[in-house]
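*Asks:* pasting the structure only:
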């Protein structure tokens, strides 16, 4: 078994209203940041998981994301898996 | 046989006593059911009350849907038993897949605690059978994530199948098609963001929730009188 760092980035599906993102986008020009578009607010969920190999780690992360970490009705997710490098 | 209504309590639920008291005022017999229960045998209707089940961590209802009692709720619903989710209970039912769609953050990112008008759109559910079609009820809302969202196909199906149970007369939270409550295809599972139990007495500012509570008691009564 090896350990893998997993990062699940959950974001709203395209077309789902994102009032938090819109509010941040409206606030940025006040700080002088003009020309910022497409601000989206999501969640980042990090953990390490023991698995036989990277494929298994990814499959587990995908199932967790489907069943718990995201709500597929309104959210989608990107999953990043990296082997833990021993110090 | 007196009908018994189970009111499910998750860690963080906070409207369970209001629901029990409001149902009792109308002559019902309601009892608290801890979320660790695996059986709902003996109950004739189930209410998932409002609050913050499991702290609303991750998403409202996301953790609660895996509580042991939820499998029993799904079985009870599949058997045609009346199930009503109020506010957080509605969120739990959508997360559990017992109702379609999802409840998102309110359009204006404000927690809303106010009384709103909702129109009764169908009488085919255990929560509305004794109400008046088209009646506008004044019922309190109290939520941050009450913005009902679903895809266009789901919305078309909800409309075609007479499954929009309540609509806001003045949409407070951005819900698609002004939806305040929906039901499943069979009509026995209902979810709504407003709190009928908080409109159960004129002293509370409105008694407009009473026909809804009575509907539920009648539905539970009919189920109690069925042969086991």
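*Replies:* Alright, I've got the coordinates. Computed from a prediction, not measured in an experiment: that's the story for all the values here. Numbers count the residues shown, from 1 in each chain, chains lettered A, B, ... in the order given.

*Asks:* and the residue of chain B nearest chain A?
*Replies:* residue B:102 (4.3 Å; C-beta to the nearest C-beta). For glycine as for every other residue, the C-beta is placed from the backbone atoms N, C-alpha and C.

*Asks:* Enumerate the positions of the worst-scoring helix or strand of chain A on mean pLDDT that are buried.
*Replies:* Within chain A, no helix or strand scores below helix A:19-27, which has a mean of 92 by mean pLDDT, DSSP states H and E. Residues of helix A:19-27 classed as buried under the neighbour-count rule (16 or more other C-beta atoms under 10 Å in any protein chain shown) are A:19, A:21, A:25.

*Asks:* about what we covered before: could you give the bridge partners of the residue of chain B closest to chain A?
*Replies:* residue B:149 (DSSP bridges).

*Asks:* Please list all residues in contact with the nearest residue to residue B:210 once chain neighbours are set aside.
*Replies:* Counting by C-beta to C-beta, 6 or more residues apart in numbering or on different chains, residue B:210 lies nearest to residue B:200, which is 5.9 Å off, once chain neighbours are set aside. Shown in contact with residue B:200 (C-beta atoms under 8 Å, 6 or more residues apart in numbering or on different chains): B:22, B:25-26, B:207, B:209-210, B:213.

*Asks:* again, only using 6 Å
*Replies:* When contacts are counted by C-beta atoms under 6 Å, 6 or more residues apart in numbering or on different chains, residue B:200 is found next to B:22, B:209-210.

*Asks:* Compare those residues and tell me which is most surrounded.
*Replies:* residue B:209 (26 neighbours; other C-beta atoms under 10 Å in any protein chain shown).

*Asks:* per-residue pLDDT, residue B:74?
*Replies:* Note for residue B:74: predicted pLDDT of 98.

*Asks:* The longest helix along chain A close to chain B?
*Replies:* If you go by DSSP state H, chain A has its longest helix at helix A:54-64. No - Helix A:54-64 does not reach chain B (C-beta under 6 Å from any C-beta of the partner chain); its nearest approach is 11.2 Å.

*Asks:* and that helix, what other elements does it pack with?
*Replies:* Here helix A:54-64 touches strand A:43-51, strand A:75-83, going by 3 or more C-beta pairs under 6 Å, 6 or more residues apart in numbering or on different chains; DSSP states H and E.

*Asks:* at 7 Å what do you get?
*Replies:* Contact here means 3 or more C-beta pairs under 7 Å, 6 or more residues apart in numbering or on different chains; DSSP states H and E; on that basis helix A:54-64 packs against strand A:2-12, strand A:43-51, strand A:75-83.

*Asks:* Would you mind finding the most buried of those?
*Replies:* strand A:2-12 (a mean of 18; mean count of other C-beta atoms under 10 Å in any protein chain shown).

*Asks:* Would you check how far apart the closest residue to residue A:45 other than its chain neighbours and chain B are?
*Replies:* Distances taken as C-beta to C-beta, 6+ apart place residue A:8 nearest to residue A:45, at 4.5 Å, with adjacent residues excluded. Applying C-beta to the nearest C-beta, to the nearest Å, the value for residue A:8 to chain B is 11 Å.

*Asks:* which ones are touching residue A:8?
*Replies:* Contact analysis of residue A:8 by C-beta atoms under 7 Å, 6 or more residues apart in numbering or on different chains lists A:45, A:61, A:65, A:69, A:77, A:79.

*Asks:* Quick check: residues of chain A near chain B?
*Replies:* A:16-17, A:19-20, A:23, A:68, A:71, A:73-74 (C-beta under 7 Å from any C-beta of the partner chain).

*Asks:* Please repeat the previous calculation with a cut-off of 8 Å.
*Replies:* Within chain A, the positions adjacent to chain B are A:16-17, A:19-20, A:23, A:68-69, A:71, A:73-74 by C-beta under 8 Å from any C-beta of the partner chain.

*Asks:* Buried ones from the residues you listed, can you make that a ChimeraX selection?
*Replies:* Of these, the buried ones go into a single ChimeraX selection, burial set by 16+ other C-beta under 10 Å:
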select /A:16,17,19,68,69,71,73,74
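
*Asks:* thinking again about what came up before, just the contacts of residue A:8 now: which is nearest residue B:224?
*Replies:* residue A:69 (40.3 Å; C-beta to C-beta).

*Asks:* how near is the residue located most distally from the centre of chain B to residue B:127?
*Replies:* Ranking residues of chain B by C-alpha distance from their mean position (C-alpha atoms, centre = their mean) puts residue B:227 at the top, at 26.4 Å. The spacing between residue B:227 and residue B:127, counted by C-beta to C-beta, to the nearest Å, is 25 Å.

*Asks:* Stretch B:172-180: which residues count as buried?
*Replies:* For stretch B:172-180, burial by neighbour count (16+ other C-beta under 10 Å) applies to B:172-176, B:178-180.

*Asks:* ok, now stretch B:56-70?
*Replies:* Neighbour-count burial for stretch B:56-70 [16+ other C-beta under 10 Å]: B:56, B:58-65, B:67, B:69-70.
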